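S.K.: got a predicted structure here, sequence first:
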Amino acid sequence: MVICDKIPINWYFIVQEKSFNLQKLNSINMKKIFILLFVSLALFSCEKEEDNKIFEYQLLPSENVSKPFSCLGEKRTITFTIIQKTLIDDILDSEVPIIPKDVSIEFDKTLFSDIETKIKGDQVVLNITSNINKEDKILNVDLQISYSTINGIKVEKIPLIIDKGKLTFVYKIHSEQNPFVLPVEGGKFELPFTCKKQTYLNGQFIEETYSSLNGLRFKTISTGNVWFLTVRKDGEKIGFYKFTFVGEGPYNQKTDPECYFNIYTHDANLITDNPTEIFRQDFIQPQTPGEDYYKPSRSSYKHGTFDF
C-alpha cells in the first residue's frame, strides 16, 4: 500500500512554497550580512585612516619679507598664509590654506615702533614700521607669530633684517668762555664745557645728543704762564666737563706766549700729521710790563686719547 498516493495535492504546494520562502529568507539574510560586513569594513577602514591622519602647519610669508628694511626706517606691508597639511601614513594627502585664528605677534620694540595686524580672508596682513638703525651693523631679528590649530597653539618665527648705513658723527664742543682770560694776579680756575655729537646716517641728520669724549684725541701746549691744564668730568651727566688750570702771578716774557687745548677726532694722527681740530680752547693771561716781572720762556706739551 502506498501512503503517498493519498497525500493531498495542495499539501505538496504548501511544502514547495515554504521551501521557496526559506530560500528567499536566506538570500535576504545573506544580503544583510554582506551589507553589515561592508559597512563594518568601511567604518574600520575610516577609523584606521583617522588614526593614521596627522595635521601639520606652516607659515608662508610674502616674498618681500626677505628684503632688508631701510636703515633710515621704513613702513612695509607683508602678508602670510597658514597652510594646513594632511598626512596619512606619513604621506601627504592634501594641503590647503586655513582661516587664521587667535593670531598674536611679538616683536622687539627697540627695532620696530609699530606692527598693525589684520585678517583678510585666509591671509594675515602686517603693516610694519621699522626704526632707524643707529648701529654700524646689519640687525637680524625674529618676528614671533602664534596662532590656533587643531593641535593647539603653534608658534613660528619669521626672520627680518634691518640694513646698515654709513654713520658719520660731528662733534660740537662749547665752553662758557673762549678765549678764557685770566686775571693778571693769576689763581686756580675751572672752565665748564659740554660735548655734543650729531649723528648722520647716509648723509641725513638723525639726532644730536650729549656725548662723552671717550676715544677722542687731544693736544695741549703752553708757553706762557698757565700750568696744570687738564680735563675732568663735571658731575655725572654725560657730555659735561671742565678744564682745570692754574695761572701764576704777574709775569713778563717779552714774547707772545700761547696756551691752548685742542680736541681732535679719534683717528687723528698727532705725531706725524697736523690735523684740523674739532675744538680749540685758548687761555690768555695778560703780561705785566717791567723788568721786575720778567720770567724766562718755558713750554709744556702733552697729547693723548680721552678714556672717559
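M.R.: Yes, it's here.
S.K.: so what's T129 up against?
M.R.: 73-75, 112-115 (CB atoms under 8 Å, 6 or more residues apart in numbering). For glycine as for every other residue, the C-beta is placed from the backbone atoms N, C-alpha and C.
S.K.: so which of those residues is the most crowded?
M.R.: Neighbour counts for the contacts of T129 (other CB atoms under 10 Å) peak at F112, which has 19 neighbours.
S.K.: what about the strands in the stretch 201-308 of the chain?
M.R.: Along the stretch 201-308 of the chain, counting by DSSP state E, counting those that start in this stretch, strands occupy 204-210, 217-222, 226-233, 240-247, 259-264, 279-284, 300-305.
S.K.: where's the dip in pLDDT among the contacts of T129?
M.R.: Least confident entry in the contacts of T129, by pLDDT: D114, with 86.
S.K.: name the element it belongs to?
M.R.: Per DSSP states H and E, D114 falls inside strand 112-120.
S.K.: rewinding a little: and the strands of the stretch 201-308 of the chain, which is most packed in?
M.R.: Across the strands of the stretch 201-308 of the chain, averaging neighbours per residue (mean count of other CB atoms under 10 Å) puts strand 259-264 on top, at a mean of 22.
S.K.: roughly how far out does it sit from the chain middle?
M.R.: 40 Å (CA atoms, centre = their mean, to the nearest Å).
S.K.: can you state the direction angle for it and strand 226-233?
M.R.: Angle between the axes of strand 259-264 and strand 226-233 is 30 degrees (criterion: axes from the mean of the first three to the mean of the last three CA atoms, to 10 degrees).
S.K.: thought D90 was touching E56?
M.R.: No: using CB atoms under 8 Å, D90 makes no contact with E56, being 10.6 Å away.
S.K.: quick one: which of those two has more around it?
M.R.: Comparing D90 with E56 by other CB under 10 Å, the one with more neighbours is E56, at 14 against 7.
S.K.: give me the nearest residue to that one, chain neighbours excluded.
M.R.: K85 (4.4 Å; CB to CB, 6 or more residues apart in numbering).
S.K.: paired strands for the host helix or strand of that neighbour, with orientation please.
M.R.: Assigned by DSSP H and E, K85 belongs to strand 74-88. Using DSSP bridges, the strands paired with strand 74-88 in its sheet are strand 53-61 (antiparallel), strand 91-97 (antiparallel), strand 123-130 (antiparallel).
S.K.: buried residues in it?
M.R.: 74, 76, 78-82 (16 or more other CB atoms under 10 Å).
S.K.: what's the answer for stretch 165-175, then?
M.R.: 165, 171, 173, 175.
S.K.: contact partners for the closest residue to L87 other than its chain neighbours?
M.R.: Closest residue to L87 apart from its sequence neighbours, by CB to CB, 6+ apart: I54 at 4.5 Å. Contact analysis of I54 by CB under 8 Å, 6+ apart lists 86-88, 90.
S.K.: who's in contact with stretch 169-179?
M.R.: The contact list for stretch 169-179, computed with CB under 8 Å, 6+ apart, reads 191-200, 208, 211, 216, 243, 263, 265, 278-279, 281-284.
S.K.: on that earlier part again, hmm, who's touching the strand holding K85?
M.R.: Outside strand 74-88, the residues that touch it by CB under 8 Å, 6+ apart are 49, 52-62, 64-65, 69, 92-98, 100, 122-130, 145, 147, 149, 158.
S.K.: for the chain, give me the ranges with low pLDDT.
M.R.: 1-51 (pLDDT under 70).
S.K.: break it down into its domains, please.
M.R.: Domains of the chain are assigned by automatic domain parsing as 54-162, 167-305.
S.K.: so the nearest residue to G304 once chain neighbours are set aside bridges to which residues?
M.R.: What sits nearest to G304 in space, not counting adjacent residues and going by CB to CB, 6+ apart, is F218, at 6.1 Å. Beta-bridge partners recorded for F218 (DSSP bridges): I263, G304.
S.K.: centroid-nearest residue for this structure?
M.R.: The residue lying closest to the centre of the chain (CA atoms, centre = their mean) is L111, at 4.0 Å.
S.K.: contact partners for that residue?
M.R.: Here L111 is in contact with 130-131, 139, 141, 162 (criterion: CB under 8 Å, 6+ apart).
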